[in-house]
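**Q** Got a sequence here, can you build the structure:
(one chain, ligands or ions: 1)
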Amino acid sequence: MRFTVEDIDTSEVARRKALYGPLTEVVRELIDATIRTEVDDDTIREVHAQVRAATDRLRARQSDGPFGVRFTNDGDGMAWGNAVIGLRNAIAPPLTIARDPDGTHRSQFVLGAAYEGPPGLVHGGICALVLDQILGMTALAGDKPSFTGTLTLRFRRSTPLGPLRAQARVDRVEGVKTFVVGSLSDADGVTVEAEGVFILPAWARE
Ligand SMILES: CCCCC/C=C\C/C=C\C/C=C\C/C=C\CCCC(=O)SCCNC(=O)CCNC(=O)[C@H](O)C(C)(C)COP(=O)(O)OP(=O)(O)OC[C@H]1O[C@@H](n2cnc3c(N)ncnc32)[C@H](O)[C@@H]1OP(=O)(O)O
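**A** Below you'll find the model as predicted:
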């Protein structure tokens with residue numbers, strides 16, 4: 001598993017965020033534009049060649065596999081490849097997840113055309129993706145890893161594409177198992193309810 005430490009300080013983290021964040025954002029826009037564009041065929045072919053060329057330039061030097069979760073010397077986690085929150089992942093919406101003093105985790109975000117399932121509605125698997133992440137981060141205690149054992153969802157009504165909110169809180173802890181509850185909501189209230197059992201794996205126990 002790729003948990004690694006990078007020997008970098010806060011200013012280097014900030015420099016990398018300022019460099020890679022805008023690249024990811026423009027690729028995210030490219031994904032949306034690819035779905036929604038109605039320009040003429042020649043323009044599509046030209047843009048295809050330009051994107052191919054840009055991709056080849058980025059691949060001139062790249063890592064062998066996924067980004068992994070990297071920690072700085074200060075112990076800050078850089079989950080920059082993460083599918084939900086990753087700073088360098090254009091597939092990630094991305095979510096910024098804040099923690100209240102009472103431990104509740106919350107996020108407000110917008111899911112656009114790239115997350116569609118039924119017409120105009122969020123794909124059920126995307127609802128699960130977002131909820132797995134926020135419940136999973138809520139379950140994390142200190143630097144202990146916590147893996148989703150079971151995630152149960154109740155889709156109460158359709159989730160429209162657009163502005164949404166998610167929240168999660170720990171319900172109870174039983175030994176190595178943390179039970180977390182949460183929900184996804186639109187402006188009219190809850191659309192999906194979630195319950196998760198997150199487990200400190202055997203290999204990470206003292
Ligand atoms: C990903 C964690 C990273 C953490 C790093 C920290 C900081 C990083 C910085 C930023 C964080 C960024 C992202 C992380 C946050 C969220 C990510 C979302 C979470 C995920 O996306 S994660 C991927 C999907 N997830 C898996 O890929 C798990 C595959 N699986 C396994 O790795 C094992 O299967 C495991 C570990 C689940 C259990 O294995 P094990 O050997 O440790 O468990 P063991 O047998 O000892 O059981 C102990 C007790 O759990 C009960 N139990 C066992 N399995 C259960 C189950 N499935 N459901 C309910 N209860 C279960 C038993 O019944 C017993 O209960 P009891 O004690 O009462 O008898």
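**Q** CA atoms for contacts and neighbours, from now on please.
**A** Noted.
**Q** I'd say T178 and V170 touch.
**A** Yes. Using Cα atoms under 8 Å, T178 is in contact with V170, at 7.1 Å.
**Q** joint contacts of these two?
**A** Common neighbours of T178 and V170 are listed as A139 (criterion: Cα atoms under 8 Å, 6 or more residues apart in numbering).
**Q** could I get stretch 131-141 in PDB with only the CA atoms?
**A** This file holds the C-alpha atoms of stretch 131-141, laid out as PDB (Å, rounded to 0.1, in the frame of the first residue of the first chain):
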ATOM      1  CA  LEU A 131     -20.700   9.300   1.200                       C
ATOM      2  CA  ASP A 132     -17.900   6.700   1.600                       C
ATOM      3  CA  GLN A 133     -15.400   9.500   1.600                       C
ATOM      4  CA  ILE A 134     -17.100  11.800   4.200                       C
ATOM      5  CA  LEU A 135     -18.100   8.900   6.400                       C
ATOM      6  CA  GLY A 136     -14.600   7.400   6.100                       C
ATOM      7  CA  MET A 137     -12.900  10.700   7.000                       C
ATOM      8  CA  THR A 138     -15.200  11.000  10.000                       C
ATOM      9  CA  ALA A 139     -14.200   7.500  11.200                       C
ATOM     10  CA  LEU A 140     -10.500   8.300  11.100                       C
ATOM     11  CA  ALA A 141      -9.000   8.800  14.500                       C
END
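**Q** what does that stretch contact?
**A** 84, 97, 103-106, 146-148, 151, 166-170, 178-184, 194, 196, 198.
**Q** right, and the helix or strand after the one helix or strand L19 maps to?
**A** Counting by DSSP states H and E, the element that carries L19 is helix 10-36. Sequence order places helix 41-59 as the next helix or strand after helix 10-36, per DSSP H and E.
**Q** which residue is nearest the centroid of this protein?
**A** V84 (0.7 Å; Cα atoms, centre = their mean).
**Q** can you pull the contacts of that residue?
**A** I91, A92, P93, P94, L95, L129, V130, Q133.
**Q** between those, which is closest to the ligand?
**A** Distances from the ligand to the contacts of V84, taken as Cα to the nearest ligand atom, are shortest for Q133 (4.4 Å).
**Q** do you know how far the residue of the chain positioned farthest from its centre is from the ligand?
**A** Within the chain, the residue lying farthest from the chain centre (Cα atoms, centre = their mean) is D42, at 34.7 Å. In this view, D42 and the ligand are 41 Å apart by Cα to the nearest ligand atom, to the nearest Å.
**Q** in this protein, which segments are predicted with low confidence?
**A** 2 (pLDDT under 70).
**Q** Report the buried residues of the longest strand belonging to the chain.
**A** Looking across the chain with DSSP state E, the single longest strand is strand 162-174. Buried positions in strand 162-174, judged by neighbour count with 16 or more other Cα atoms under 10 Å: G162, L164, R165, A166, Q167, A168, R169, V170.
**Q** Which elements pack onto that strand?
**A** strand 105-111, helix 124-139, strand 177-186 (3 or more Cα pairs under 8 Å, 6 or more residues apart in numbering; DSSP states H and E).
**Q** Thank you, goodbye.
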